[in-house]
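In: only geometry, no sequence info:
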């Protein structure tokens with residue numbers, strides 16, 4: 001597998017693709033700035049770069065809903081927790097800002113159910 005990553009920030013299965021956001025291999029705790037996808041039905045692993053996350057961060061949570069991927073919270077590059085919510089559309093390879101959380105969060109549990117993204121726990 002080319003370009004191995006040191007830490008995995010999150011994986012979401014969407015439309016038959018495993019979409020993984022990960023830290024750069026260059027250093028310990030580098031912030032996430034993008035995503036890649038793996039067509040697990042293919043006979044070999046193929047990594048395809050996607051549009052970079054608007055604000056790089058690590059320790060995020062992710063869930064898929066209605067064909068989009070929601071990335072929540074995490075740590076910013078300066079180490080501060082983040083209230084940001086970003087929404088990735090793999091069909092257009094674009095990100096949009098979601099409504100921010102009222103508080104900064106990291107290490108949360110996240111799931112998409114009943115037409116909503118639910119976030120629980122964290123710090």
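Out: Alright, I've got the coordinates. Because the structure is predicted, anything quoted here is derived from the model rather than measured. Numbers count the residues shown, from 1 in each chain.
In: can you report how many residues lie near the residue nearest to residue 115 when sequence neighbours are not counted?
Out: Excluding the flanking residues, the one nearest residue 115 by CB to CB, 6 or more residues apart in numbering is residue 65, at 7.4 Å. In this view, the C-beta of every residue, glycine as well, is placed from N, C-alpha and C. For residue 65, the neighbour count with other CB atoms under 10 Å is 16.
In: identify the residues contacting residue 65.
Out: By CB atoms under 8 Å, 6 or more residues apart in numbering, the contact set of residue 65 is 112, 115-117.
In: quick one: residue 113 from residue 94, how far?
Out: 25 Å (CB to CB, to the nearest Å).
In: out of these two, which sits in the more crowded spot?
Out: Per other CB under 10 Å, whichever of residue 113 and residue 94 has more neighbours is residue 94, with 12 against 9.
In: burial of residue 61, as a residue count?
Out: Neighbours around residue 61, by other CB under 10 Å: 24.
In: these two touch, right, it and residue 69?
Out: No - with contact defined as CB atoms under 8 Å, residue 61 does not count as touching residue 69 (10.9 Å).
In: pull up the overlap in contacts between the two.
Out: By CB under 8 Å, 6+ apart, no residue touches both residue 61 and residue 69.
In: top of the contacts of residue 65 by neighbour count?
Out: Most surrounded of the contacts of residue 65: other CB under 10 Å gives residue 117, at 20 neighbours.
In: who does that residue bridge with?
Out: Taking DSSP bridges as the rule, residue 117 bridges to residue 112.
In: tell me the pLDDT of it.
Out: Note on residue 117: pLDDT of 91.
In: coming back round to it: using TSV, lay out the contacts of residue 65 together with distance to residue 53.
Out: Putting those into TSV (distance: CB to CB, whole Å) gives the following:
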residue	distance to residue 53
112	19
115	24
116	22
117	17
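In: nearest to residue 75 among the residues you listed?
Out: Taking CB to CB as the measure, residue 117 is the one of the contacts of residue 65 closest to residue 75, at 19.8 Å.
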